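Engineer: predicted model, plus sequence, below.
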Amino acid sequence: MVITPAQYAQTPVYDLLVEAAQGRLGFDQRLVRAIVERGEQAVQDIVRFGFGDRSSDRVRLEEDLIAILEHLACPQGLPFLIACLRQEPLDPSEELIRALQRLGPEAIGPLVELYGELGHEKGGDVAFILATFRNRDPRILQLLVDRIPYDAGDAAFLLGVFGDPAAKPVLEELIERATKDPSLARSLGNEAEEALSALECTVVEDPPVPTSIFDLYPEAIEPLFDVLTVEEKIEFLQSDSAELRADCARSFIDQELPEEVAKLLIEMARTDPNVGVRAVACAALGSRADEAPVWALLREKLEDGAAPAAERCGALVGLASRLRDDAELKTYVERFYSDPATRARALEAMWRSMDPSYAPLFRQHLEDPDIDIRRQAIKGIGFLEVSSEASRLVPLFQDEEFRLDALFSYALCVSVERLERGEMAALLRRIEEIAGGLSEHEGEVVETALDTRLILHGQEPVFSPAGARDLD
């Protein structure tokens, strides 16, 4: 059964997490709020979920669970946090470190025990976490002193971080020994002197400030439809929630439609009580616009002057593949373009048509103050390969609102000497350098764009699994 956002508050946290791990819920502010408002009960469900068998999960939630536990700072979450650190003790995330710090003295004992399990070599980051607690716990001091034979420089540095004046004689002795032991001197470096200087400074021991958890998530985000089965998607298309019906229908845009899905979308386009759902269903039927019943339905919607503008725009987007060769359809594009309220959808239909005659309009709107219009212009520059405008996309790499769209379109249109499969890896590196680095997701976006560009030119993709195998 589909869980709608309106049902989050009444649904057990454990069940919400199970659904999110299957991609059936989007992790957004609505979901986070429904979880954190349960307080300690939520923590118990998080721990139960975290220690369960997660091998069949489609989506990893560890980072989300850690963020929630940091926000709640409830001791019942400590076993899960320690388990996360035990699993990946090297270079733990800042979120995990903050979550442990927020628990304060209660985390010290388990962390000391974990360090004993891991040993000096793997436990270095655990020692660092303990050193940041600064609460003069003798167990931490002893652990740091015990690291000296393994790594004198690191131990001295951590003693400085820890800030306990009781470490002063230990550091002074280290410095004295180093004057007689060249090997120790090389290992120690200047760390002991710097640690002693740090001990002389007044330390302001403010409690850890929690991250504003709602800043980490969008207000609303759809389920991860890409990981769902067709059967699951059909459940969403039949949901009581108009938002979820529209989100799911949108996921079928530019996709081949299974017969049972096509039938549902046709029915939704005709009779759904929500105009937004009808509009998206029309757009999603675009891959079947050549079929007579779909063509007739979309043309009827488009030509109905009494129908809502959004519904008519959805039909226009659904018919975009026919736009290039249909003069009558073009008149509707021009009419919708002339109205600022429908201009964005007209521009979307233009770039979907792949008609190069529309290129001047995309140039004109690259700096449009309307976000949606500007986004469609960016996409148009890419899909129509308006290479002369590629340089105008580069400043948008610094704009969070448009960065992903600009990266995608830049990869589609930037000038290349040879558009060949063997050149794509170098082009990816070039884009990464221009963009000031790419996150994992951004890299995937650029790879998809480069593969799309190859496909549009009749070549096989490079970065998709099949394409990568072909290059081996």
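Structural biologist: Nice, I can see it.

Engineer: which residues are in contact with Thr179?
Structural biologist: With contact taken as Cβ atoms under 8 Å, 6 or more residues apart in numbering, Thr179 is in contact with Ala185. Just so you know, the C-beta spots here come from the backbone N, C-alpha and C atoms, and that holds for glycine as well.

Engineer: just Lys379 next, same as before
Structural biologist: Glu348, Trp351, Asp405, Phe408, Ser409.

Engineer: mind checking the SS state of it?
Structural biologist: Here Lys379 is recorded as helix under DSSP: H, G, I helix; E, B strand; the rest coil.

Engineer: how much space between it and Ser391?
Structural biologist: 17 Å (Cβ to Cβ, to the nearest Å).

Engineer: so Phe402 sits right up against Ile378, yeah?
Structural biologist: Yes - here Phe402 reaches Ile378: they are 6.3 Å apart, a contact under Cβ atoms under 8 Å.

Engineer: the two: which is more packed in?
Structural biologist: Legend: neighbour count by other Cβ atoms under 10 Å for Phe402 and Ile378, higher for Ile378 (27 against 19).

Engineer: how about the contacts made by Gln376?
Structural biologist: Neighbours of Gln376 in contact, by Cβ under 8 Å, 6+ apart: Ala344, Leu347, Glu348, Trp351, Phe362, His365.

Engineer: from what I see, Glu100 and Pro79 are in contact.
Structural biologist: Not quite, residue 100 is Leu, not Glu. No - applying Cβ under 8 Å, one finds Leu100 not in contact with Pro79, separated by 11.9 Å.

Engineer: which residue, other than its chain neighbours, is closest to Glu70?
Structural biologist: Ala99 (3.7 Å; Cβ to Cβ, 6 or more residues apart in numbering).

Engineer: what's the burial count for that neighbour?
Structural biologist: Residues within reach of Ala99, counting by other Cβ under 10 Å, total 30.

Engineer: Gly119 now?
Structural biologist: Neighbour tally, Gly119, other Cβ under 10 Å: 10.

Engineer: repeat that for Leu81.
Structural biologist: 25.

Engineer: now Ile373
Structural biologist: 19.

Engineer: residue at max distance from the center of this structure?
Structural biologist: Lys180 (53.8 Å; Cα atoms, centre = their mean).

Engineer: might you report the residue contacts of the residue nearest to Glu70?
Structural biologist: Ile66, Ala67, Leu69, Glu70, Ala73, Gly77, Leu81.

Engineer: circling back: where neighbours are concerned, which of the contacts of Lys379 has the most?
Structural biologist: Ser409 (29 neighbours).

Engineer: tell me who's in contact with that residue.
Structural biologist: So Ser409 contacts Ile378, Lys379, Ile381, Gly382, Phe383, Leu393, Ala449 (Cβ under 8 Å, 6+ apart).

Engineer: quick check: the most centrally placed residue in the chain vs Leu158, distance?
Structural biologist: With distances taken as Cα atoms, centre = their mean, His441 lies nearest the centre of the chain, 6.7 Å away. As for His441, its distance to Leu158 is 35 Å (criterion: Cβ to Cβ).

Engineer: again with Val59
Structural biologist: 36 Å.

Engineer: okay, these two: which has more neighbours?
Structural biologist: Using other Cβ under 10 Å as the criterion, Val59 and Leu158 rank with Leu158 on top: 24 against 15.

Engineer: okay, now the residue nearest to that one when sequence neighbours are not counted: neighbour count?
Structural biologist: Leaving out its chain neighbours, the residue that sits closest to Leu158 by Cβ to Cβ, 6+ apart is Ala131, at 4.2 Å. Residues lying near Ala131 (other Cβ under 10 Å) number 22.

Engineer: so Ala131 sits against Val161, correct?
Structural biologist: Yes - here Ala131 reaches Val161: they are 4.3 Å apart, a contact under Cβ under 8 Å.

Engineer: now stretch 233-244: how far from the chain's centre is it?
Structural biologist: Centroid separation for stretch 233-244 versus its chain: 23 Å, with Cα atoms, centre = their mean, to the nearest Å.

Engineer: tell me the average confidence for stretch 317-332?
Structural biologist: Averaged across stretch 317-332, the pLDDT comes to 93.

Engineer: buried ones in that stretch?
Structural biologist: Across stretch 317-332, burial judged by 16 or more other Cβ atoms under 10 Å covers Val317, Gly318, Leu319, Ala320, Ser321, Arg322, Leu323, Arg324, Leu329, Lys330, Tyr332.
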